[in-house]
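1. got a predicted structure plus its sequence, pasted below:
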Amino acid sequence: MDIDARINRRRNRDDSPRLVREYEALSPVAHIDEPSDRGPVFEELLDHLDPVFDGRLPPNAYVYGPPGSGKSAIVTALFARLSRLSTGTRSVIHTNTRAATTTTPQFVYVDRRETASEFAFYHDVLAGLVDEPVPEHGVSTADLRSRLHERLGSARTGVVVAIDHVDEPAGGDDLISLLAGLPSNVSWLAVGRADPGDVAVSAYTATVVRVAPYQRQMLVDVLMTRASEGLARQALDHDLARRIADWADGDAHDALAVLFVAADRAREADGGRIDEADVDAAIAETPQPCVSLGRVLGLPTNKQLVLRALVDLEEADRASVAATTEAISSVPTIDLSPGTVKRFLYEMAENGIIERVESEARDGKGRPPSRIELRFPPSAFRRLYDLQT
DNA sequence: GATCCACGGGAATACACGGATG
DNA sequence: CATCCGTGTATTCCCGTGGATC
């Protein structure tokens, strides 16, 4: 725990005992340092990365698994550790004298959720490699790419780049050509949901690693661990954790989202612990399938602003895209034009953040309108968004 | 002056329906 | 009866502009 967290804990003890001690530990978008029970997958990945420990580059790889199976948690945890090992080439402040560290390849993690464009991709890879800030404006994409080549041309050992969420976003630049633009001493590890047979990158990989969904007991453990980190003692009954795990059917994201919503609901009700009604309500507001909250919170600022207004609307205001547009545009905090709000709604529906369901009420005239429905639990987004700002 | 990208705005296209037409 | 047409909405697509930054 860092100092801020320690101080905050003291500051927040006014109306103790607090049910929610630490939203961060509870958040479905945060990954903890030590994903539990994933030993075999770590071993498989380390087998693949093994050449690294001799100072060589591993081949390209594809890691895949269903939503909420812990792909991102595993890869981020692993890359965080590995990049700590290889800081020898860029940092002078290290006490360890093992010469081997200076010849270890570097590790960079980029997330396509935040790195959709070609420019952003090369920017983030480069930023992961150098200590000095990389400009985000005023420099061309081609320029950025050549800086990257320049930087790596002199490197002895190369870089391993993890690219998470390769099958999102739908509208991003073609991944294959982005990868082709990387220097030759870069090896990549793509992470996605699709089966290797259905995804173009797998044609360029030597290794494929599958991440299986969480088994029931593992998911219960995940929930109990999070509860003990983020909630007051004894706040989550083991039976309720099992109930959530059963419902989530192996998807850790959805399970954690339910826990988060239930905890927030219990806190609002001044409950000292999460009860069954909290869990029921949380499950009821979590759609299936549920889009990743990480994706929602990775959206551009103004799209999130629109969503923030959307989750507060009455059902009547969501009866059609036109009505929803009007309702959102009249919210004082929104200074976007109605046209833009509407376009955002259509775009987000296209990307599965929200859903348009065509109304069956035909009134004879024109094409029937679509009602807007959320693909994520609204109170989870509301809380996470408000904490962020 | 260059660059990226979010916005704004509007044109083009799709769809549903009732009524006219062959 | 099958098809086309006109009207009114909904939806998609596209591109120019401007703010922020280097």
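-> Great, that's in hand.
2. tell me, what residue is most central in chain A?
-> With distances taken as Cα atoms, centre = their mean, A:Gly294 lies nearest the centre of chain A, 3.6 Å away.
3. which residues touch it?
-> The neighbours of A:Gly294, taking Cβ atoms under 8 Å, 6 or more residues apart in numbering as the test, are A:28-29, A:72, A:113, A:253. All C-beta atoms are positioned from the backbone trio N, CA, C, and that covers glycine.
4. among the residues you listed, which ones are in helices?
-> Of those, the ones assigned to helices by DSSP state H are A:72, A:253.
5. low-confidence stretches in the stretch 251-389 of chain A?
-> Residue ranges of the stretch 251-389 of chain A with pLDDT under 70: A:361-364.
6. might you enumerate the residues of chain A proximal to DNA strand C?
-> Applying Cβ under 7 Å from any atom of the strand, we find that chain A lies next to DNA strand C at A:133, A:135-139, A:320-322, A:342-343, A:346, A:349-350, A:356, A:358, A:365-370.
7. which members of the contacts of A:Gly294 additionally contact DNA strand B?
-> Among the contacts of A:Gly294, no residue lies close to DNA strand B (Cβ under 7 Å from any atom of the strand).
8. how about the strands in chain A?
-> A:61-64, A:106-111, A:159-164, A:186-192, A:207-210, A:354-358, A:370-374 (DSSP state E).
9. circling back: what's the closest of the contacts of A:Gly294 to A:His165?
-> Relative to A:His165, the closest of the contacts of A:Gly294 is A:Arg113; by Cβ to Cβ it sits at 5.2 Å.
10. so who does that closest one touch?
-> So A:Arg113 contacts A:164-165, A:168-169, A:294-295, A:298 (Cβ under 8 Å, 6+ apart).
11. quick check: domain ranges of chain A?
-> For chain A, automatic domain parsing gives the domain ranges A:3-31+A:214-285, A:39-210, A:293-388.
12. ok, now how distant is the closest residue to DNA strand C within the stretch 51-200 of chain A from A:Tyr23?
-> Using Cβ to the nearest atom of the strand, A:Gly138 is the residue of the stretch 51-200 of chain A that sits closest to DNA strand C, at 2.7 Å. To A:Tyr23, A:Gly138 is 37 Å away according to Cβ to Cβ, to the nearest Å.
13. picking up where we left off before, possible to save the strands of chain A as TSV with mean neighbour count and distance to A:Asp50?
-> Compiled in TSV, those are given as follows (neighbours: other Cβ atoms under 10 Å; distance: least, Cβ to Cβ, whole Å):
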stretch	mean neighbour count	distance to A:Asp50
strand A:61-64	24	12
strand A:106-111	21	14
strand A:159-164	24	12
strand A:186-192	24	13
strand A:207-210	16	11
strand A:354-358	15	44
strand A:370-374	19	44
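14. buried among the contacts of A:Arg113? Make that a ChimeraX selection.
-> Remark: buried members of the contacts of A:Arg113, expressed as a ChimeraX selection using 16 or more other Cβ atoms under 10 Å:
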select /A:164,165,168,169,294,295,298
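15. format the contacts of A:Arg113 as a markdown table; extra columns: distance to A:Ala327.
-> Listed next are those as a markdown table, based on distance: Cβ to Cβ, whole Å:
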| residue | distance to A:Ala327 |
| --- | --- |
| A:Asp164 | 35 |
| A:His165 | 31 |
| A:Glu168 | 28 |
| A:Pro169 | 26 |
| A:Gly294 | 27 |
| A:Arg295 | 24 |
| A:Gly298 | 25 |
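16. can you tell me which of the contacts of A:Arg113 end up in helices?
-> Among those, DSSP H puts A:294-295 in helices.
17. thinking again about what came up before, just the buried subset of the residues of chain A next to DNA strand C, please.
-> Neighbour counting with 16+ other Cβ under 10 Å marks A:320-321, A:342, A:349, A:356, A:369-370 as buried within these.
18. which among these gets closest to DNA strand B?
-> Nearest to DNA strand B, judged by Cβ to the nearest atom of the strand, of those is A:Lys342 at 7.9 Å.
19. hmm, that closest one is touching A:Thr325, no?
-> Yes. Applying Cβ atoms under 8 Å as the test, A:Lys342 and A:Thr325 come out as touching, 4.4 Å apart.
20. could you tell me which residues of the stretch 101-250 of chain A lie near DNA strand B?
-> Within reach of DNA strand B by Cβ under 7 Å from any atom of the strand, the stretch 101-250 of chain A has these residues: A:117-120, A:137-141, A:143.
21. 6 Å instead?
-> Neighbours of DNA strand B within the stretch 101-250 of chain A, by Cβ under 6 Å from any atom of the strand: A:117, A:119-120, A:137-141.
22. okay then, goodbye and thanks.
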